[in-house]
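K.L.:
Pasting the sequence and the predicted coordinates here, then a few questions.
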Amino acid sequence: MTDDRLTPEQQSVVDSKSPRLTVRAAAGSGKTRTLVARYVKHVTQDGRSPDQILTITYTKKAAAEMKTRIRDRLLSLGMRDAAQIAETGPIQTIHAFCDRLLRENSISAGIDPKFEIMDTGLSLELLERAFLETIEEDGDRPMVAGLIRELSGILHYEGDGAMQDRLYADVKTVLEKLRGTQHSWSELESIYANPDELSQRVGSDASDPNLSHTCGLVQVALGVWRRFEETMDVRQCFDFAELERRAVELVVNDPQAAERMRRQYKVILVDEAQDLNPMQYQLIDALKIESEMLVGDPQQSIYSFRQADYHRLIMRTEETDTIRLGSNFRSAREIITMVDELFCNWWPDYDPMDAVSDVDGVVEFWDGYGFNLDLVVDMVRSAMDSGYRPGDIAILFRSMGKAVRLPEDLARVGILSRISGGSISYYGKMHVRDLANLLEAVADPANEFALYALLRSPAVGLSLDAIVILANPDRVDRRALLSRLREAKDLALEDQVKLEQFWNWFEPLQRYADRLTAWEVLTEVFRLSPYLERIARQPNGRQALANTRKLLELAVDAREMGPTEFAKKVRLTQRAKDKEGDAPAVDDDQDAVKIMTVHSAKGLEFPVVIAPDLFTNTRKTAKGVLVDQDTGLVYTNLVEGGSKVYADFKTRFEERDRAEDRRILYVALTRAKERLMVCAGKSSRAGFALEITKHLGLDQPNTKWRVVEAANSLSQDLQLNATSPEGLSEEES
């Protein structure tokens, strides 16, 4: 069956008889339409039932969209029964498939079919507990003890707990990089048993003290890994990495279970294959399903922090029948021309795109020195002056540190906006932290840190002067803060009034708060205190109210948790840099500018894309500990001395990071359909902005590209650069 909506190259994918097919799909090439058509062909021509077609997507949202498209297409063909089966069939994320696989084969997998999926807060809590147990039990191992002594000496002046915090951070780095790969803790133990073995692997003299410290670090990390797995097994509660590992073990070690999978699934279709990690590739290979198609684009691989391994997709294109989808249906020809010209200079193996869209496009380079929020606002207003609505516009950032004030600036000129995702995660927002402090202070008024934070928060609103007076270290009155508050006389009148309001709701509530759940305490606080009214009057108050409402919903979901326990969960999740996004402050269909990270925007498209600050080299290669997920090799550089091994490691990592930064830029630029607005020009001094300027000749008087000479405020640039977070890692974006 030929689909009239498909191009010849898309139709060739649908018609291919190859049992192992790989599709390299350029940005905007219609891969989802092609994948849906291939799925429907398996049903209509090959006689496959939808429950025999395993379809793997990267996100829940993508899976839902895919399911809807397939169902609607089958319904349009009059195949109501097949559409109903597809509605509940295996169109899902890789983790949802692992979950389903293990529950359906729980006896073979040796687990409880009612096992639970671990949330981020619990995962971090159990990981920290495993770390403390490992230090206590293994701290006297020679290389572990040597590592602890070295760290203690380096961090001697940084206060109590600094050594343990640094070691825990390094251990987490090792585990984040190695869990989800083909390596296991038991396999790695022999490599890090002593410096002699490790020196042979990394090509360094065994007398290098950093090798001994590396062995100590990895011994701790492997001990934590083992204990963490044991705890998950006892609890029958698993995180995603453990789900993947157990699914692979089931298929590899149990031939009968593997055969059941092959009888159940006759086709596997995998979208976004460049984002699969080594463990996920191992699972797909082990299934050995009869017909297999993977779709992806190595040029759009931007998830190395999740162990995504696009090299495996490239290797697969060399080993299997491969079809390229090179036509871009999304972006105007002017945008494609610019992207192709730029990346042909950077990537020797770059695949140029064929522009198909007949829409007239615009590419603009706005030349403003440094990063300037006023300039971004001007870019938005310029797009709107050209006839675009706010909802047509997306502003994409490499990381969100500099964007947090942008909604406020847009609101000042009457433009509604919405932040989605980013390094300033939901759990890190000030009002969420305020409520965590509030819960702790109400349940335990002896917690003076939480009480001070509550007094300064919108729930009370004391001035900074009042906080300084109450916290004065030279005061004669040494009573607990709560006692001193009752008799505070030397505060300004406004603070006295606020303190009286505070007592009216806090004193009765704190008497019984320790017997309430977290959601009950929050409900009472919102009812009795002026908290909601005050945050509503703050800049971007709509978002603050939405996030506050979301925290209450999360507390209701954790309905058994008391206030202190729930506050601890919020803090643990915050420390884990959880990617929980803001609550919607506006409806999805409301006309609002979208402010997003490039990672959040992947897979999406917008009439107008503004790229204001993608090119300032925000990434910094990790210092202290480097991990190669392919080889399982780790190196830490605690003892300075120009170690060649560390220098080689660092150079390789910096090259890898620069390559991914360019892929992130590629993804950003290819989100635009009609108008692309980029901050670059003759004023550019560093980073990708400078490289773009040189490659495209933006600093030449006869450049063929449209350059907007933007007015800017150097003083604002300097202020922003001094106060905005820099060096944010890809995990934080």
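P.N.:
That came in fine, so what should we check first?
K.L.:
what residues are up against Arg312?
P.N.:
By Cβ atoms under 8 Å, 6 or more residues apart in numbering, Arg312 lies in contact with 276, 278, 281. Using the backbone N, CA and C atoms, a C-beta is placed for each residue, glycine as well.
K.L.:
Correct me if wrong: the second one contacts Arg179.
P.N.:
This points to Pro278. No. Pro278 is not in contact with Arg179 according to Cβ atoms under 8 Å; the separation is 10.9 Å.
K.L.:
Which one's more surrounded, these two?
P.N.:
Ranked by neighbour count (other Cβ atoms under 10 Å), Pro278 and Arg179 place Arg179 first, with 24 against 19.
K.L.:
who does that one bridge with?
P.N.:
Using DSSP bridges, the beta-bridge partners of Arg179 come out as Thr181.
K.L.:
wait, isn't it in contact with Ala241?
P.N.:
Yes. If you go by Cβ under 8 Å, Arg179 and Ala241 touch, sitting 4.3 Å apart.
K.L.:
The contacts of Arg312 into JSON lines, with extra columns for pLDDT, distance to Gln501 and secondary structure?
P.N.:
Shown next, in JSON lines, are those (pLDDT from 0 to 100; distance: Cβ to Cβ, whole Å; DSSP: H, G, I helix; E, B strand; the rest coil):
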{"residue": "Leu276", "pLDDT": "94", "distance to Gln501": "55", "secondary structure": "coil"}
{"residue": "Pro278", "pLDDT": "92", "distance to Gln501": "57", "secondary structure": "helix"}
{"residue": "Tyr281", "pLDDT": "94", "distance to Gln501": "59", "secondary structure": "helix"}
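K.L.:
Closest to Leu406 out of the residues you listed?
P.N.:
When the contacts of Arg312 are ranked by distance to Leu406 (Cβ to Cβ), Leu276 comes first, at 33.8 Å.
K.L.:
which ones are touching Met66?
P.N.:
With contact taken as Cβ under 8 Å, 6+ apart, Met66 is in contact with 32, 35-36, 55, 57, 91, 271.
K.L.:
same thing but 6 Å
P.N.:
Going by Cβ atoms under 6 Å, 6 or more residues apart in numbering, Met66 touches 57, 91.
K.L.:
ditto for the one 10 residues further on
P.N.:
Contacts here follow Cβ under 6 Å, 6+ apart; on that basis Ser76 touches nothing.
K.L.:
how near is Phe649 to Leu167?
P.N.:
Phe649 sits 20 Å away from Leu167, going by Cβ to Cβ, to the nearest Å.
K.L.:
Please read the previous query as pertaining to Val570.
P.N.:
Applying Cβ to Cβ, the value for Val570 to Leu167 is 24 Å.
K.L.:
Looking at those two, which has the bigger crowd around it?
P.N.:
Regarding Val570 and Leu167, a neighbour count based on other Cβ under 10 Å identifies Val570 as having more, with 25 against 22.
K.L.:
so the more buried one touches Ala436, yeah?
P.N.:
Yes. Val570 is within contact range of Ala436, at 4.3 Å (criterion: Cβ atoms under 6 Å).
K.L.:
coming back round to it: make TSV out of the contacts of Arg312 and add distance to Glu605.
P.N.:
Shown next, in TSV, are those (distance: Cβ to Cβ, whole Å):
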residue	distance to Glu605
Leu276	23
Pro278	30
Tyr281	28
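K.L.:
Name the nearest residue to His42, sequence neighbours excluded.
P.N.:
If the residues on either side of it in the chain are set aside, His42 comes closest to Arg48, at 4.4 Å by Cβ to Cβ, 6 or more residues apart in numbering.
K.L.:
ok, now which ones touch that neighbour?
P.N.:
The contact partners of Arg48, by Cβ under 6 Å, 6+ apart, come to 42, 266-267.
K.L.:
mind checking how far stretch 337-353 is from the chain centre?
P.N.:
With Cα atoms, centre = their mean, to the nearest Å as the basis, stretch 337-353 stands 27 Å off its chain's centre.
K.L.:
What are the buried residues along that stretch?
P.N.:
Within stretch 337-353, the residues that count as buried by 16 or more other Cβ atoms under 10 Å are 337-340, 342-343, 351, 353.
K.L.:
now what about that stretch, what contacts it?
P.N.:
Stretch 337-353 is touched from outside by 26, 326, 328, 336, 363, 662, 669, 695, with contacts defined as Cβ under 6 Å, 6+ apart.
K.L.:
How about the secondary structure of the last one?
P.N.:
It stands for His695. helix (DSSP: H, G, I helix; E, B strand; the rest coil).
K.L.:
Look up how far Ile595 lies from it.
P.N.:
Going from His695 to Ile595 by Cβ to Cβ gives 27 Å.
K.L.:
okay, the two: which has more neighbours?
P.N.:
Ile595 (25 against 16).
K.L.:
For the one helix or strand the more buried one maps to, give me every contacting residue.
P.N.:
In the assignment (DSSP states H and E), Ile595 maps to strand 593-597. Outside strand 593-597, the residues within contact range by Cβ under 6 Å, 6+ apart are 390, 393-397, 400, 403, 406, 417-422, 733.
K.L.:
Mind checking what helix or strand follows it in sequence?
P.N.:
Sequence order places helix 598-601 as the next helix or strand after strand 593-597, per DSSP H and E.
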